Structures are given as structure tokens and as C-alpha cells.
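# Sequence first, predicted coordinates after that:
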Protein chains: 2
Amino acid sequence: MVHRRRLDRLDRPGQAPSRLAVSAVHFTPGARTAWHSHSLGQTLYVTEGEGLVQSRGEAIVSVRPGEIVRTPADEWHWHGAAPDHFMTHLSMTEGDAEWGEHVTDAEYHGRATS
Amino acid sequence: MVHRRRLDRLDRPGQAPSRLAVSAVHFTPGARTAWHSHSLGQTLYVTEGEGLVQSRGEAIVSVRPGEIVRTPADEWHWHGAAPDHFMTHLSMTEGDAEWGEHVTDAEYHGRATS
């Protein structure tokens, strides 16, 4: 199965003095981001489906529509759909992202120490 | 009829260096904010119902779930539910708000020059 992630930028990045960019991101079952961090933090708002979120060194957390996930500045994390569900979230991002390695299947299924 | 507006703060305001605060705001039919502006701008994401948004000197705009409304820094505006609909939106706010006068019925119904 191909894991797809689609990003709709819902508006332009904020015009100064705003720094906010808002997107709707769609994940097919099993799809996830790579490990990454945000220089000024990121807030997610789940709108559909069921998702998974993990911060480096912490447990994988399940998220549902209406839930908010805030990731502090410079904290490494990934997010995506649960294995058997689609997931859509809004991402509200300030600043730049730094991208790292892919999330392995072992990490995604909680069988690896992250 | 009593017009109600209820604000759920979905997370704490952003911890520095983030400046983002996210809330879900619920309006009963006819309810609206007062005129106000934001020092660093505001983005709304409509999640339910039907709403109205107006920036000072511009036409009233109808908004529906999935739509994004961005208000630049220091632009005076109001938002609320349509006369016959509830409305809920996420508000994503950077910086401080400055509050002005109430939105009159004539303004709300587009019968006044704002």
C-alpha cells in the first residue's frame, strides 16, 4: 500500500508581524511525517479520523477529532494516521521546520526505542 | 433571545518563543463579538454552522465550515453566527486584542455604514 500525505496550504504564511502558517494535512492509513522539529513550535488540531503522535523519548499517543497537540520549540516528533484510519489535522506553525530521518515501521508500531 | 458566546481555551497560550493561543469559540444564532483588532493578527477556522465576518469599511462575508479567515494586524473587525445558525470557529491569535464598541443590530444586518 502506498502511504500518502497531502498538504493543503489554507492560507499564505502570515504577513509580518504575524508568523503563523496554517495548513490542512491529510494522511492515508499508516502514513506519517518524518521526525522533525519546529524552531518556534507547532500546534495541531485533529479534524478527521484517528492519528498517532510521538515526541522523542515519549510514548506514542492516539489523537481524535477536536483534540489539540502542541509541540514546543525544537522538540523532535512525528505525527500521522493510525494503521487502520485516515487522519486529517490542521497544522499551525510558527517559524521553520528541521527534518530528520524517516519513522521506521518498528518506531511506528512502538517496537523501537526512539 | 439571549445571544451567547462561549470560549473554550483549547490550550495554554504558547510558551515562548511561541506566541500562539488557540481557542474554540461557540456562538448562538445572532451572537457576535464586539469590534476589535489584534496587534499581531488573527486566523479563524470555521468548524461548524454558518457565520458572518466583517472588516471595517468592507462588506459582510458569510463563512462556512472548512473556511479560513485571516485578519491582518491592527485591522478592526467582528465575527459571529449568522442570524439563523449556530457557529463555532477555532481562533488562532498572536499578540493582544484591542476591544471597541458593540456591533449594533443595524451593523449586523448590513444596514449601517461601518
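Happy to help now that I have it.
# and after the worst-scoring helix or strand of chain A on mean pLDDT, which helix or strand comes next?
For chain A, the helix or strand with the lowest mean confidence is strand A:5-9, at a mean of 64 (criterion: mean pLDDT, DSSP states H and E). Proceeding N to C from strand A:5-9, the next assigned helix or strand is strand A:20-27, under DSSP states H and E.
# quick one: the following helix or strand past that next one near chain B?
Using DSSP H and E, the helix or strand that follows strand A:20-27 towards the C-terminus is strand A:36-38. No - judged by C-beta under 8 Å from any C-beta of the partner chain, strand A:36-38 makes no contact with chain B; its nearest approach is 8.9 Å. Yep, even glycine has a C-beta here, placed from its N, CA and C like the rest.
# Point out the residues in chain A that sit beside chain B.
Contacts of chain A with chain B, taken as C-beta under 8 Å from any C-beta, map to A:10-11, A:14-15, A:17-20, A:22, A:39-41, A:43, A:45, A:47, A:68, A:70, A:72-73, A:90, A:92, A:94-95.
# quick one: the helix or strand hosting residue A:52 to strand A:20-27, angle?
Assigning secondary structure by DSSP H and E places residue A:52 in strand A:51-55. When axes from the mean of the first three to the mean of the last three C-alpha atoms, to 10 degrees is applied, the directions of strand A:51-55 and strand A:20-27 differ by 120 degrees.
# Give me the mean pLDDT for strand A:51-55.
For strand A:51-55, mean pLDDT rounds to 96.
# ok, residues contacting stretch A:42-49?
A:24, A:27, A:53, A:63-71, A:79, A:81-82, A:85-94, B:10-11, B:14, B:20, B:22, B:45, B:47, B:90, B:92 (C-beta atoms under 8 Å, 6 or more residues apart in numbering or on different chains).
# Which residue is the nearest non-sequential neighbour of the most centrally placed residue in chain A?
By C-alpha atoms, centre = their mean, chain A has its centre lying nearest to residue A:79, at 3.4 Å. In space, and not counting its chain neighbours, residue A:79 is closest to residue A:53: 4.6 Å by C-beta to C-beta, 6 or more residues apart in numbering or on different chains.
# Would you mind confirming that the one you found is in contact with residue A:64?
No - the pair residue A:53 / residue A:64 is not scored as a contact, 11.3 Å apart, by C-beta atoms under 8 Å.
# Which one's more surrounded, those two?
Applying other C-beta atoms under 10 Å in any protein chain shown to residue A:53 and residue A:64 shows that residue A:53 carries more neighbours, namely 22 against 13.
# Which strand residues bridge that one?
residue A:61, residue A:79 (DSSP bridges).
# okay but residue A:106 is in contact with residue A:112, surely?
Yes - the pair residue A:106 and residue A:112 qualifies as a contact (C-beta under 8 Å) at a distance of 3.9 Å.
# picking that back up, hmm, which of the residues of chain A next to chain B are the buried ones?
Among the residues of chain A next to chain B, those scoring as buried are A:10, A:14, A:18-20, A:22, A:40-41, A:43, A:45, A:47, A:68, A:70, A:72-73, A:90, A:92, A:94-95 (criterion: 16 or more other C-beta atoms under 10 Å in any protein chain shown).
# how much space between the nearest residue to residue A:33 once chain neighbours are set aside and chain B?
Closest residue in space to residue A:33, ignoring its immediate chain neighbours: residue A:78 at 4.9 Å, by C-beta to C-beta, 6+ apart. To chain B, residue A:78 is 19 Å away according to C-beta to the nearest C-beta, to the nearest Å.
# I am finished for the moment; much appreciated.
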